[in-house]
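> Using only what follows, build the 3D model:
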Amino acid sequence: MDSPSQIACWLGALCAVLAPAVTAAEPCRPTARVSGDPALADSLGASLAARGIETVPAAGCPHTKVQIAKAGSTIVVAIEDPYGRKSERTFVDAAAAVPLVESWVRQDVNAQNLMGWTVEPKESPVTAPATVTARADATPLAPGRHRDVATLVVAADASIGFDGSTWVGAHALGCVRLGVACVGALGRVSREDTIRQAADVLASLEVPFSVGRMQLVPGVAVGGGWIALGETTGEGARSFAHIGVRFDAHLALAYPLSRLISLHAGVSIDASLTDEVPRRDDGTSLVGPEPLGFVRANLGLRIGVP
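A predicted model of the protein is given here:
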């Protein structure tokens, strides 16, 4: 039987023989051998190397095989691990395939792979569109349009008097926003040939509404008007004028042509309180007295959104 000193010598000799072999046996590192399209393979290999994954297999160490190829506007990546399990995925570029390849190579990181499962790569983040906050003081309008502080309408008029006469003219209406309403003034001139002429100045109130892209603008006005009546006789031209109270109710439609300019179309009904009939010096009635009211249509431009 060997003595304790002899056993110690035998153990020392055995350790001396085995130590170099143990020291030389380095642990295997995660490795992926990439092949296929040269440019894509180089790109994928560089990305894996940056994550600490070897791309050249060491002798005696297992490795994962990765095949990468173009497929139209996408790339196809086929993977086979040391156990023979396979997977094939399509990506937009090589960088998007890196997380999937790494999950197959690093079996210690992705424990689910031991059961034959794979981890899909994370999708590229999608930036959500910016949220547009509507102005609190604006009525619902077409995109890119909000109510302006002041607006101006300039339009041509065609009118029919309650007496059947026809008149032509023009008007301008300016208003300033006051809450939901637009308060301002209306000025209008009109004439019937050269016989009768009129001019009105009224205070106006409008309350606009949005109808799709358009603005519907109803309103009322009250003020004063001047009218000149005349006739031509053998003795020459004679004219008579007087002033009376005017009332107006109107409805307009504004169709946007740009941010500030809209096409304006409207109708209105005017009334006068006077029924005065001008008379000649001899007491007879003057031909063509003032109409008691008008029905008007107008077309023009509106500057600003009411």
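> ok, the closest residue to residue 106 other than its chain neighbours - how many residues close by?
In space, and not counting its chain neighbours, residue 106 is closest to residue 30: 5.2 Å by CB to CB, 6 or more residues apart in numbering. (C-beta placed from N, C-alpha, C; glycine too.) By the measure other CB atoms under 10 Å, the count of residues near residue 30 is 20.
> So residue 30 versus residue 40, what's the distance?
20 Å (CB to CB, to the nearest Å).
> Could you export the helix or strand encompassing residue 97 as CSV, CA atoms only?
Residue 97 belongs to helix 94-105 when assigned by DSSP states H and E. The C-alpha coordinates for helix 94-105 follow below in CSV (Å, rounded to 0.1, in the frame of the first residue of the first chain):
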residue,chain,number,x,y,z
ALA,A,94,-29.9,44.2,-42.5
ALA,A,95,-30.0,46.3,-39.3
ALA,A,96,-33.5,45.2,-38.6
ALA,A,97,-32.4,41.5,-38.6
VAL,A,98,-29.7,42.0,-35.9
PRO,A,99,-31.9,41.4,-32.8
LEU,A,100,-33.3,38.2,-34.2
VAL,A,101,-29.9,36.8,-35.1
GLU,A,102,-28.6,37.7,-31.7
SER,A,103,-31.4,36.0,-30.0
TRP,A,104,-30.6,32.8,-31.8
VAL,A,105,-26.9,33.0,-31.2
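> now for it, which elements pack on it?
strand 32-36, helix 38-50, strand 64-71, strand 74-80, strand 86-91 (3 or more CB pairs under 8 Å, 6 or more residues apart in numbering; DSSP states H and E).
> buried residues in it?
94, 96-98, 100-105 (16 or more other CB atoms under 10 Å).
> between that helix and strand 86-91, how many degrees?
Interaxial angle of helix 94-105 relative to strand 86-91 (axes from the mean of the first three to the mean of the last three CA atoms, to 10 degrees): 160 degrees.
> what's the following helix or strand after helix 94-105?
Taking DSSP H and E, what comes next after helix 94-105 is strand 150-161.
> Quick check: buried residues in that next one?
151, 153, 155, 157, 159, 161.
> wait, what's in contact with the third one?
When contacts are counted by CB atoms under 8 Å, 6 or more residues apart in numbering, residue 155 touches 170-172, 264, 266, 298-301.
> Let me know the helix or strand that the residue lying closest to residue 150 once chain neighbours are set aside is in.
Nearest residue to residue 150, sequence neighbours excluded (CB to CB, 6+ apart): residue 176, at 4.9 Å. Using DSSP H and E, residue 176 maps to strand 166-178.
> Name the residues of that strand that come out as buried.
For strand 166-178, a neighbour-count test (16+ other CB under 10 Å) marks 167, 169, 171, 173-175, 177 as buried.
> and whatever helix or strand comes next after it with strand 166-178, angle?
Using DSSP H and E, the helix or strand that follows strand 166-178 in sequence is strand 181-192. Relative orientation of strand 181-192 versus strand 166-178 (the same axes, to 10 degrees): 160 degrees.
> So in the chain, where's the weakest helix or strand by average pLDDT?
helix 4-24 (a mean of 53; mean pLDDT, DSSP states H and E).
> How many residues are close by residue 58?
Using other CB under 10 Å, residue 58 has 13 neighbouring residues.
> is it true that it touches residue 30?
No: with contact defined as CB atoms under 8 Å, residue 58 and residue 30 do not form a contacting pair (10.9 Å).
> Turn the helices and strands packed on helix 94-105 into CSV, including distance to residue 214 and mean neighbour count.
Below are the helices and strands packed on helix 94-105 laid out as CSV (distance: least, CB to CB, whole Å; neighbours: other CB atoms under 10 Å):
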stretch, distance to residue 214, mean neighbour count
strand 32-36, 60, 19
helix 38-50, 55, 16
strand 64-71, 51, 18
strand 74-80, 47, 18
strand 86-91, 49, 14
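> Any chance of JSON lines for the ones you listed, columns distance to residue 199 and mean pLDDT?
Shown next, in JSON lines, are the helices and strands packed on helix 94-105 (distance: least, CB to CB, whole Å; pLDDT from 0 to 100):
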{"stretch": "strand 32-36", "distance to residue 199": "88", "mean pLDDT": "90"}
{"stretch": "helix 38-50", "distance to residue 199": "81", "mean pLDDT": "90"}
{"stretch": "strand 64-71", "distance to residue 199": "79", "mean pLDDT": "90"}
{"stretch": "strand 74-80", "distance to residue 199": "75", "mean pLDDT": "91"}
{"stretch": "strand 86-91", "distance to residue 199": "77", "mean pLDDT": "89"}
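> looking at these, which is closest to residue 189?
Closest approach to residue 189 among those (CB to CB): strand 74-80, 71.5 Å.
> That closest one to helix 38-50, inter-axis angle?
Here strand 74-80 runs at 60 degrees with respect to helix 38-50, directions being taken by the same axes, to 10 degrees.
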